[in-house]
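Novice: got a predicted structure plus its sequence, pasted below:
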Amino acid sequence: MNPAASQPDAGQLIRQESVFGRLPLLPQEREYGPWGAHATCFAYAVATWCFLIGGYAASWVGAVQGIVCLIGGNLVGVFLTTMPLSLGCQRYGLEQIEYCKSSFGQRGSKLVLVFYIINMLGWTGLILVMFGNGIRNIVRALGYEPAGWVVGAGVGLGLWLSYLLVTRGVHLLNITNAIIAPGLGLLSVFMFYMLIQKYGWQAILQAPPLDPGPDPLINYFIVFEMGVASGFSWWGGIGFLARNTRKRRDAVYPEILQLGLFMSVVCCVSLFSALVVKTADPTEWMVPLGGVVMGVLALIFVALANVTSSAVSLYATGLSLRHLRSLRFAPWWVVIAWTIVPCLPFVFWPHDLYDLGDTFLAYNGTMYAPLSGILFADYFFLRKQRLNLWSLFDDDPKGEYHYSYGFNWVAVGCLVLGQFVYLSMYNPLTSETHYLFRFMPASMAACVVPGLVYWGLMRILNAVSDSPPRLRTQHRRLNSPNI
């Protein structure tokens, strides 16, 4: 037997590096068509922090104001963060930290990487605590009183199941989400129906906020800010989803419709439940309202959706960790194992960390709002949707995206400026607001101001041209017809 026959050829090795590493994905290697993209985005949206956000909103406003704030705010945030990242990553098949090099530089993108990893692993932990809560409530529905360690054990089980999914590639995730998404859609309708059946629409509309502030207008804008910030929070998964879509419309429309619109609708269902049932976690009221059979079935769907959603987060995080030299050529299972390590505190302190979800949402607003504004200005107004793909992978100090010692200090400074703008207008820990907060949400201001400043300074400094050169190479991945 020829030993060379059992060895993968060069094409297989390159494909492994693109699917589980940093090389651009070619169109024929991408998993998501229209249905796969919609199913994955829907499963990702419904299973994540939408239930948390609805509960936070119920503390400030009632049902009608909450509907307006959550849907309107989330659509604004998703649009601003989706357009540059989704179109850029889809067109070039790029992982999103790689994409950020065009504006932040070869080393400056590592700053984005740090905040990105914190975001993705933090949300993964929160999602899996919901998975653990679901297991606890299934045990209760079956007539047993679970021990206190059950939720933490559920988090550990969720990490293990997510690991199994992620290490087998995007294809298995695509299949799993295609099965779960229809069930989640029916589940959302079922939850809303049970609330109406039990309490009535009029009771939901008349239910007062749980813990409002003294100024109704400020309460309204705080919830609108939650909606905008939740839209920006999708930054962490948008590039991964777009990179794996075959057509541009399969990247943009599913993300805006599912992550923006339908996620907001589910937030509203969670808002209604928090107002009348006094809890936003559906796993706590599905069984009392739907009965044991329907309630347990619903709990199983939510639990499975939480696992697939956390698997998407871990997969995207694993790709980003390829930027670290020590993990650049490590086996994929080793990379994913390292992404799980920072999530282990959720196994031991699930409830304490889960209660910090609203603070974590504010963190996302301060980070991803200015980042989205910078990328929007860079991709659309400065580069006219054209990137030098070769230079993104070129560490040469003379490279186009190396800037000064690998940092574009204009982008870094604008990122800090955006955080200052956000905290000046709204303090998420004390809920103190600036007078200007009545006219523009803090997240939106933290996106627009850094974006305008970045665009102006880069034009003045002549750091980029309107039509940057596109170097050619014989490597098919860096000279694809799609590029």
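Specialist: Now that the structure is in, tell me what you want to look at. Numbering: from 1, shown residues only.
Novice: which residues are in contact with the residue positioned nearest the centre of the chain?
Specialist: The structure's the chain has its C-alpha centroid closest to W234; by Cα atoms, centre = their mean the separation is 3.1 Å. With contact taken as Cβ atoms under 8 Å, 6 or more residues apart in numbering, W234 is in contact with G77, V78, T81, T82, E255, L259. Placement of C-beta: from N, CA and C, glycine included.
Novice: rerun that using 7 Å as the cut-off
Specialist: Applying Cβ atoms under 7 Å, 6 or more residues apart in numbering to W234 gives the contacts V78, T81, L259.
Novice: for the second one, grab the count of nearby residues.
Specialist: If I follow you right, that is T81. 30 (other Cβ atoms under 10 Å).
Novice: go on, the last one?
Specialist: Residue neighbour count, defined by other Cβ under 10 Å, stands at 29 for L259.
Novice: how much space separates it from V412?
Specialist: In this structure, L259 lies at 28 Å from V412, with Cβ to Cβ, to the nearest Å as the measure.
Novice: ok, now the second one?
Specialist: When distances are taken as Cβ to Cβ, T81 and V412 turn out to be 19 Å apart.
Novice: output the below-cut-off pLDDT ranges for this structure.
Specialist: 1-21, 47-49, 171, 174, 177, 280-287, 289-290, 295, 357-365, 463-483 (pLDDT under 70).
Novice: need the strands for it, in chain order.
Specialist: Along the chain, the segments classed as strands by DSSP state E run 426-427, 432-433.
Novice: quick one, phi/psi of the residue nearest to the centre of the chain?
Specialist: W234 adopts backbone torsions of phi -70, psi 0, taken as degrees, to the nearest 10.
Novice: check G406 too.
Specialist: Backbone torsions of G406, given as degrees, to the nearest 10, read phi 90, psi 0.
Novice: tell me the buried residues in stretch 256-269?
Specialist: Neighbour counts using 16 or more other Cβ atoms under 10 Å place 256-260, 262-269 of stretch 256-269 among the buried residues.
Novice: looking at those residues, which are in helices?
Specialist: Counting by DSSP state H, the members of these that fall within helices are M263, S264, V265, V266, C267, C268, V269.
Novice: the fifth one is in contact with Y56, isn't it?
Specialist: No: between C267 and Y56 there is no contact under Cβ atoms under 7 Å: 9.6 Å.
Novice: circling back: nearest to F42, of the contacts of W234?
Specialist: In terms of Cβ to Cβ, no member of those lies closer to F42 than L259, at 8.7 Å.
Novice: most tightly packed of the strands of the chain?
Specialist: strand 426-427 (a mean of 20; mean count of other Cβ atoms under 10 Å).
Novice: ok, and what's touching that one?
Specialist: E225, T433, F437, A442.
Novice: switch the cut-off to 6 Å
Specialist: Among residues not part of strand 426-427, those counted as contacts by Cβ atoms under 6 Å, 6 or more residues apart in numbering are T433, F437, A442.
Novice: ok, back up a step: farthest-separated two in the buried residues of stretch 256-269?
Specialist: Across these, the two members that end up farthest from each other (Cβ to Cβ) are I256 and V269, 19.7 Å apart.
Novice: grab the nearest non-local neighbour of Q385.
Specialist: Distance criterion Cβ to Cβ, 6 or more residues apart in numbering; nearest residue to Q385, sequence neighbours excluded, is Y379 at 6.1 Å.
Novice: pull the number of nearby residues for that neighbour.
Specialist: Summarising burial for Y379: neighbours were counted as other Cβ under 10 Å, giving 22.
Novice: for V292, what are its contacts?
Specialist: Taking Cβ under 6 Å, 6+ apart, one finds A141 in contact with V292.
Novice: I misspoke; the intended subject was L375.
Specialist: Taking Cβ under 6 Å, 6+ apart as the criterion, L375 is in contact with P84.
Novice: for L321, list the residues it contacts.
Specialist: Contacts here follow Cβ under 6 Å, 6+ apart; on that basis L321 touches L327, V335.
Novice: could you redo the last one with a cut-off of 8 Å?
Specialist: When contacts are counted by Cβ under 8 Å, 6+ apart, L321 is found next to I117, L327, V335, W338, T339.
Novice: out of these, who's the most crowded?
Specialist: Each of the contacts of L321 was scored by neighbours using other Cβ under 10 Å; the highest score is T339's, at 26 neighbours.
Novice: you'd agree that one is up against G318?
Specialist: Yes: under the criterion of Cβ atoms under 8 Å, T339 is in contact with G318, at a separation of 5.4 Å.
Novice: now the residue nearest to Q385: how far from F42?
Specialist: The gap separating Y379 from F42 is 26 Å, by Cβ to Cβ.
Novice: now do the top helix by length along the chain: distance to the chain's middle.
Specialist: For the chain, the helix reaching the highest residue count under DSSP H is reported as helix 286-321. Centroid separation for helix 286-321 versus its chain: 16 Å, with Cα atoms, centre = their mean, to the nearest Å.
Novice: my guess is M120 meets G318, correct?
Specialist: No: using Cβ under 8 Å, M120 is not in contact with G318; the gap is 9.6 Å.
Novice: and D395, what does it touch?
Specialist: Q106, H402.
Novice: with Y315 instead?
Specialist: Each residue near Y315 by Cβ under 8 Å, 6+ apart is listed here: V166, V170, L173, F240, I336.
Novice: quick one: buried ones out of the residues you listed?
Specialist: The neighbour-count test (16+ other Cβ under 10 Å) applied to the contacts of Y315 identifies V166, V170, L173, F240, I336 as buried.
Novice: got a list of what the first one touches?
Specialist: Looking back up the chat, that one is V166. Counting by Cβ under 8 Å, 6+ apart, V166 has contacts L173, A311, L314, Y315, G318, I336.
Novice: how about a markdown table for those residues, with distance to G213 added?
Specialist: A markdown table is the format used below for those (distance: Cβ to Cβ, whole Å):
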| residue | distance to G213 |
| --- | --- |
| L173 | 41 |
| A311 | 38 |
| L314 | 37 |
| Y315 | 40 |
| G318 | 41 |
| I336 | 43 |
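Novice: got the contact list for T176?
Specialist: With contacts defined as Cβ under 8 Å, 6+ apart, the neighbours of T176 are L165, T308.
Novice: nope, W455 is what I meant
Specialist: A377, D378, F381, L382.
Novice: look up how far G88 lies from the third one.
Specialist: I take that to be F381. For F381, the distance to G88 (Cβ to Cβ) stands at 13 Å.
Novice: related to what we said a few turns ago, the residue nearest to Q385 and G88 touch, don't they?
Specialist: Yes: at 5.5 Å, Y379 and G88 qualify as touching, with contact defined as Cβ under 8 Å.
Novice: now the common contact residues for the two.
Specialist: Common neighbours of Y379 and G88 (criterion: Cβ under 8 Å, 6+ apart): Q385.
Novice: spatially nearest residue to A178 (excluding sequence neighbours)?
Specialist: Closest residue to A178 in three dimensions, ignoring its sequence neighbours and counting by Cβ to Cβ, 6+ apart: A39, at 4.8 Å.
Novice: no wait, G156
Specialist: Sequence neighbours aside, V347 is the residue nearest to G156 in space, at 4.9 Å (criterion: Cβ to Cβ, 6+ apart).
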